[in-house]
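Q: Here you go, sequence then predicted model.
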Amino acid sequence: MTKTLSILGSTGSIGRQTLDVVRHLPVRVAALTAGTNAQRMAEQVREFRPRLVSMATKEAAEALKALLPSPAPEILWGEAGLMAAASAEEADTVITAVVGMVGLRPTLAALERGKRIGLANKETMVCAGELVMRTAKARGAEIIPVDSEHSAIFQCLMGNRDRGEIQRVILTCSGGPFFGKNREELTHVTRDDALRHPNWKMGEKITVDCATLMNKGLEVIEAMRLYELPPEQVDVVIHRQSIVHSLVEYRDGAMLAQLGVPDMRIPIQLALTYPNRVENPAPGLDLLSCPPLSFAAPDSEAFPCFAIARAVAKQGGTACAVMNGANEVAVARFLGREIGFYDIPALVQKALDRVPFTPNPSLEQILEADRLARRAVIEL
């Protein structure tokens, strides 16, 4: 069980819910990092008293210093601050709740030191999952997924002794705010439409990824890396109620599922307490009052990002980093109201067509592919 914790991305949705879990556990906070929300970080510092904090920019770090009385914790900024928080000697667990490729180097740094990773940064596994898993194995470090779907698979596999017994894993997907709509209906949807997720409260980027179904495509690749499965053994079904968080089907026809209310504090806490289970601040699931459970196939025509991700999952190599980097920039432009909903998959596909492909890439080649993809979207 975790004793001392670093949280990368403490002011975001996952970070705040992690701290809510920490309030009920005998866990000390060693380090916190955030983007630019100095006011919220100051509140967290006063409550949890970390030794080290870091902000995304120098300006945000200076703003934080002005809000904190003396003696203040060590305050850093930028990638150096993320690396320091991930490598904090006293922390035995690191929750990686930052969004995007910025989480890759800190995750690798924590794994190099044998720390447990509570993984909420799916881009790390999408772009460099094989490298991350090799590092974890070499250093004897644990990776416990925090995403509700991958935590569900992790739990369904707890008693599994032979991965050869697995027929497939099945990721569930809420379908986002646009489930059931066709291409014509989606042509003119807006930023605000895309941010109305029916079940989960998340950051803006991941909420848009849920609307395009890119998030589920990213999770397919993440599952392949975490559980060492080929793409043919990772399926997706739409499950609007978000009660069944994912399933594992075994070769004898048995199927195990993990059920629970849609509350991220449940998988977050398991990442901290594993292999133990303790009382959680989240409400329990009442089977007698929960809605009927339904399942449907995803619509790849209406949501081409999902089809692109499935194709990239089979290709592997730097294609994963290109897709992810292009999507990050395209989503940012959509959130800025600069492009339309279907411009996102169009730009991602054009970046994949433009950036050279490398199989079995090194870390440097992955980072270069990410850079070229981002540049391609800006130029396009």
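A: Sure thing, it's come through.
Q: got the residue ranges for the helices in the stretch 201-350 of the chain?
A: 204-212, 214-227, 265-273, 304-315, 319-335, 343-354 (DSSP state H, counting those that start in this stretch).
Q: Among the ones you listed, which comes closest to R240?
A: Smallest distance to R240 across the helices of the stretch 201-350 of the chain (CB to CB): 12.4 Å, for helix 204-212. For the C-beta atoms, the positions are set from N, CA and C on the backbone; glycine is no exception.
Q: Nearest to K122, out of the helices of the stretch 201-350 of the chain?
A: helix 214-227 (4.9 Å).
Q: Out of the helices of the stretch 201-350 of the chain, flag the one nearest I117.
A: Closest among those, using CB to CB: helix 265-273, at 8.4 Å.
Q: Need the residues that contact the closest one.
A: Applying CB atoms under 8 Å, 6 or more residues apart in numbering, the external contacts of helix 265-273 come out as 1-2, 5, 14, 17-18, 20-22, 25, 27, 93, 95, 116, 118-120, 144-148, 151-152, 154-155, 245, 260, 277-278, 280-282.
Q: Let me see the domain layout of the chain.
A: In terms of domains, the chain is parsed into 4-145, 151-315 (source: automatic domain parsing).
Q: could the ones you listed go into CSV alongside mean neighbour count, distance to R333 and mean pLDDT?
A: Output for these, formatted as CSV (neighbours: other CB atoms under 10 Å; distance: least, CB to CB, whole Å; pLDDT from 0 to 100):
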stretch, mean neighbour count, distance to R333, mean pLDDT
domain 4-145, 20, 14, 96
domain 151-315, 18, 10, 94
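Q: Make CSV from those and add distance to P345 to it.
A: CSV is the format used below for the domains of the chain (distance: least, CB to CB, whole Å):
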stretch, distance to P345
domain 4-145, 16
domain 151-315, 4
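Q: Tell me which of the ones you listed lies nearest to E368.
A: Checked against CB to CB, the stretch from the domains of the chain lying closest is domain 4-145, at 11.6 Å.
Q: can you tell me which residues contact A376?
A: A376 is in contact with 326, 350-351, 354-355, counting by CB under 8 Å, 6+ apart.
Q: how close does it get to L347?
A: 8 Å (CB to CB, to the nearest Å).
Q: quick one: stretch 312-321 to chain centroid distance?
A: 18 Å (CA atoms, centre = their mean, to the nearest Å).
Q: if we can go back for a sec, could you save the contacts of A376 as TSV and add columns showing pLDDT and distance to G35?
A: Shown next, in TSV, are these (pLDDT from 0 to 100; distance: CB to CB, whole Å):
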residue	pLDDT	distance to G35
A326	97	22
K350	98	29
A351	98	25
R354	97	30
V355	97	27
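Q: Give me the buried entries from those residues.
A: 326, 350-351, 354-355 (16 or more other CB atoms under 10 Å).
Q: Among those residues, which one sits closest to G253?
A: Nearest member of the buried ones among the contacts of A376 to G253, counting by CB to CB, is A326, at 40.0 Å.
Q: which residue packs closest to the closest one, ignoring adjacent ones?
A: A351 (3.6 Å; CB to CB, 6 or more residues apart in numbering).
Q: check contacts around the one you found.
A: Applying CB under 8 Å, 6+ apart, the residues near A351 are 322-323, 325-326, 373, 376-377, 380.
Q: picking that back up, and P361, which of the domains of the chain is closest to it?
A: Using CB to CB, the domains of the chain put domain 4-145 closest to P361, at 8.3 Å.
Q: picking that back up, with distance to L270 as added columns, please give the contacts of A376 in CSV.
A: Below are the contacts of A376 laid out as CSV (distance: CB to CB, whole Å):
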residue, distance to L270
A326, 33
K350, 40
A351, 36
R354, 41
V355, 37
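Q: where's E165 relative to Q233, distance?
A: Taking CB to CB as the criterion, E165 is separated from Q233 by 12 Å.
Q: ok, and the closest non-adjacent residue to P359?
A: Among residues not flanking P359 along the chain, G317 sits closest, at 4.2 Å (CB to CB, 6+ apart).
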